[in-house]
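Participant: For reference, the sequence and a predicted model appear below.
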Amino acid sequence: MLELVLAQAHALARERDWERAGAAYGKSAQMAVQLDAPGPARRAYDAAGEAYRRADRPKLARTVLGAALALAPGPDSEPSEDVVLRVRLAGCLSELGFPSAARQAATEALESAVGPIRALALDTLIGSVLGVGTKAEVRPWVLELQALEPLAAAFRTAQLARMDGDLSAAERALADAEARLVGHRGESEGMAAVAGERAENWILGGAAAEAVPVFALARTRHAAAGRHALAWRAEAGRIRAMTEAGVAVLDAGLDLPIASAVERAMPLLEADLRIARAMADPRRAAADLDRAVALAEHAGDRLRAGRAR
């Protein structure tokens, strides 16, 4: 029976039906626990967490990843399992607006990470710290990441350069990341992320009109990968770019995405969407921006709070 449920979960994951896949993996994990098989249970919970993350259900992902970490490793468990679980947990905590907890989980992952898996833990730690607008301590980590995983390092270098205001350096790093992504197994999602970063650079450089189609490209690529929250974030950027370019947005179409972000407990996404709606609809601006500031401040995200202000 366990094998049948696992096969169903794998099939749903191949179809990118992430929420149902997460439920199926979670069910198989519970069955493995009942069979006193901690190794398979941990791996199934891990798969459930990744599926729920891709389904933009960070609260559910945090729950199943916590269940995995609460189990003692099985005799067939790999040492890297705990590292991966804590990395995934850190990502969920960041999306839920808990930067300190995210940093702690990423730090714990890095402490026990050796070999190729160290790059994943290091990149996650960098992301959890950059997300709250801290640069200084990240720089040596990015240098270490360069030696372990140049693709991830190029992307983080671009983010750092933008925060420094060096848009030329940011573009060079994005071009480097783009070149490294060709033929990479994560090419589609990576290219979407590059497009979103590049569009932000266009806005900061005073070329908002040029940013509009680049955000649209990022939105399309994220949607094709089934990453709807990332697609909404790119759409929020597109609307910001349109309004900054002087284009009237008659209907931003963000009411449902905002309601979904609230329902899924994704405060940073909600803040991004509210900022965009405020720029497009002056009647809602005051309430949306007040809410965005509060959400960003509660999450310790100085960059978003500053944008809303």
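Facilitator: Looks like it came in fine. Treat the numbers as computed from the prediction; the structure is a model and nothing was measured. Residues are numbered from 1 along each chain as shown.
Participant: nearest spatial neighbour of residue 64, skipping sequence neighbours?
Facilitator: residue 48 (4.3 Å; C-beta to C-beta, 6 or more residues apart in numbering). For the C-beta atoms, the positions are set from N, CA and C on the backbone; glycine is no exception.
Participant: What's the separation between the one you found and residue 24?
Facilitator: 8 Å (C-beta to C-beta, to the nearest Å).
Participant: So for these two, which residue has more residues nearby?
Facilitator: residue 48 (28 against 24; other C-beta atoms under 10 Å).
Participant: who does whatever helix or strand that one lives in touch, helix- and strand-wise?
Facilitator: Using DSSP states H and E, residue 48 sits within helix 38-54. Other helices and strands packing on helix 38-54, by 3 or more C-beta pairs under 8 Å, 6 or more residues apart in numbering; DSSP states H and E, are helix 2-14, helix 18-34, helix 58-70, helix 80-95.
Participant: Buried deepest among these, which one?
Facilitator: Highest mean neighbour count among these (mean count of other C-beta atoms under 10 Å): helix 80-95, with a mean of 23.
Participant: That one versus helix 38-54: what angle between them?
Facilitator: 30 degrees (axes from the mean of the first three to the mean of the last three C-alpha atoms, to 10 degrees).
Participant: For helix 80-95, give me every contacting residue.
Facilitator: The contact list for helix 80-95 (C-beta atoms under 8 Å, 6 or more residues apart in numbering) reads 42-43, 46, 49-50, 53, 58-59, 61-62, 65-66, 68-69, 73, 99, 101-103, 105-106, 108-109, 112-113, 115, 117, 120-121, 124-125, 127-128, 131, 266, 268-269.
Participant: at 6 Å what do you get?
Facilitator: Residues outside helix 80-95 that contact it (C-beta atoms under 6 Å, 6 or more residues apart in numbering) are 46, 49, 58, 61-62, 65, 68-69, 101-102, 105-106, 108-109, 112-113, 117, 120-121, 124, 128, 131, 266.
Participant: And stretch 169-185, by the same measure?
Facilitator: So stretch 169-185 is in contact with 151, 154-155, 157-158, 161-162, 187, 190-191, 194, 197-198, 201, going by C-beta under 6 Å, 6+ apart.
Participant: Using JSON lines, lay out these together with pLDDT, secondary structure and neighbour count.
Facilitator: As requested, the contacts of stretch 169-185 are exported to JSON lines (pLDDT from 0 to 100; DSSP: H, G, I helix; E, B strand; the rest coil; neighbours: other C-beta atoms under 10 Å):
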{"residue": "151", "pLDDT": "95", "secondary structure": "helix", "neighbour count": "19"}
{"residue": "154", "pLDDT": "97", "secondary structure": "helix", "neighbour count": "23"}
{"residue": "155", "pLDDT": "96", "secondary structure": "helix", "neighbour count": "27"}
{"residue": "157", "pLDDT": "96", "secondary structure": "helix", "neighbour count": "23"}
{"residue": "158", "pLDDT": "96", "secondary structure": "helix", "neighbour count": "27"}
{"residue": "161", "pLDDT": "95", "secondary structure": "helix", "neighbour count": "19"}
{"residue": "162", "pLDDT": "93", "secondary structure": "helix", "neighbour count": "21"}
{"residue": "187", "pLDDT": "87", "secondary structure": "helix", "neighbour count": "14"}
{"residue": "190", "pLDDT": "92", "secondary structure": "helix", "neighbour count": "20"}
{"residue": "191", "pLDDT": "93", "secondary structure": "helix", "neighbour count": "20"}
{"residue": "194", "pLDDT": "95", "secondary structure": "helix", "neighbour count": "23"}
{"residue": "197", "pLDDT": "95", "secondary structure": "helix", "neighbour count": "20"}
{"residue": "198", "pLDDT": "96", "secondary structure": "helix", "neighbour count": "23"}
{"residue": "201", "pLDDT": "95", "secondary structure": "helix", "neighbour count": "20"}
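Participant: Quickly name whichever of those is closest to residue 231.
Facilitator: residue 191 (13.7 Å; C-beta to C-beta).
Participant: Contacts only, for that closest one.
Facilitator: Per C-beta under 6 Å, 6+ apart, neighbours of residue 191: 181, 221.
Participant: List the buried residues of the helix or strand hosting residue 102.
Facilitator: Assessed by DSSP H and E, residue 102 sits inside helix 99-111. Using 16 or more other C-beta atoms under 10 Å as the test for burial, helix 99-111 gives 99, 101, 102, 103, 104, 105, 106, 107, 108, 109, 110.
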